[in-house]
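S.K.: Predicted model, plus sequence, below.
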Amino acid sequence: MLKLEDVQKVGKLANLYLSEKEEARFSDQLGALLDYVSKLSELSTDGVEPLLAIEKERMGMREDKAEKGLDIADVESLSENIRDGLFVVPKIIE
């Protein structure tokens, strides 16, 4: 089982403010997680090559070139709420 001091340290590092009840619960949960991870180290990995990448082949690089973008008149035709060349959107933060 994980010590309560360890949970408090992790909480402080993560900038979390935990109640005593939360500290006790997380101590049990993190302890169970660490126990599970330690069980994984008991598995035999003989003959298993390290995974270096998920993809089998590297994606090819494309040429970095400028392309013609949208015409401003076409963009402005997409909305009725344009003022001084900018889209007007509802205020979401007070």
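M.R.: Looks like it arrived, so ask away. Residues are numbered from 1 along each chain as shown.

S.K.: Before we move on, what's the pLDDT of residue 60?
M.R.: On the pLDDT scale, residue 60 is placed at 77.

S.K.: Over to the one 4 residues further on?
M.R.: We have a pLDDT of 90 for residue 64.

S.K.: Secondary structure element holding residue 22?
M.R.: helix 20-40 (DSSP states H and E).

S.K.: buried set for that helix?
M.R.: 23, 26-27 (16 or more other C-beta atoms under 10 Å). Glycine gets a C-beta too; all of them are placed from N, C-alpha and C.

S.K.: following it, which helix or strand shows up next?
M.R.: helix 72-76.

S.K.: name the helices or strands packed onto the helix holding residue 22?
M.R.: Contacting helix 20-40 under the criterion 3 or more C-beta pairs under 8 Å, 6 or more residues apart in numbering; DSSP states H and E are the following elements: helix 4-13.

S.K.: List the buried residues in the helix it packs on.
M.R.: Buried residues in helix 4-13 (16+ other C-beta under 10 Å): 7, 10.

S.K.: Reformat the buried residues of helix 20-40 as CSV; add pLDDT and distance to residue 68.
M.R.: Shown next, in CSV, are the buried residues of helix 20-40 (pLDDT from 0 to 100; distance: C-beta to C-beta, whole Å):
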residue, pLDDT, distance to residue 68
23, 91, 59
26, 89, 55
27, 89, 59
